[in-house]
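**Q** how would this look folded up:
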Amino acid sequence: MKPRTAPSNVVYTTGLGSICPGCRRPVKDCACRTAQGQPARDGIVRVSRETAGRKGKGVSVVAGLPLTPAELEALASDLKRRCGSGGCVDGGRIEIQGDHRDALVAELERRGYKVKRAGG
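**A** Below you'll find the predicted structure:
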């Protein structure tokens, strides 16, 4: 029996349920894992700086970590302590207040992650 698929513009149908926005499959058959709150990863942790939506104040963002939410919280606490700054975990990403990209890259590499500085 061939699996049923939804048309590309359908967000919810009674026959299939919710559709994953990444791979356009039913959530239970999601191939990209975005439906579970885990974006598809290539094994590289990216450290960038963002100011959007923060009235010009910058934050350093660590994305692509292959960790559970509890592990992300623990790592975020360690990184915030290392940088001497505040921050949070939001949507599977760690946000640290201020521009601490160099310190974050060094600390993550020391912990064994493959890290890239993303953005400018």
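**Q** check what pLDDT residue 91 gets.
**A** pLDDT recorded at residue 91 is 82.
**Q** typo on my end, it should be residue 31
**A** pLDDT, residue 31: 63.
**Q** contact partners of the lengthiest helix in the chain?
**A** Taking DSSP state H as the criterion, the chain has its longest helix at helix 69-83. With contacts defined as Cβ atoms under 8 Å, 6 or more residues apart in numbering, helix 69-83 is touched by 37, 60, 62, 65, 67, 86-89, 92, 94, 96, 98, 100, 103-104, 107. Heads up, the C-betas are built off the backbone N, CA and C, glycines and all.
**Q** which among those end up buried?
**A** Among the contacts of helix 69-83, those classed as buried by 16 or more other Cβ atoms under 10 Å are 60, 62, 65, 87, 89, 92, 94, 96, 98, 100, 103-104, 107.
**Q** so of those residues, which ones are in helices?
**A** Among the buried ones among the contacts of helix 69-83, the members falling in helices (DSSP H) are 103-104, 107.
**Q** tell me the domain boundaries of the chain?
**A** Following automatic domain parsing, one gets these domains for the chain: 9-38, 45-117.
**Q** ends of the longest one, what's the gap?
**A** Terminal residues of domain 45-117 lie 9 Å apart, using Cα to Cα, to the nearest Å.
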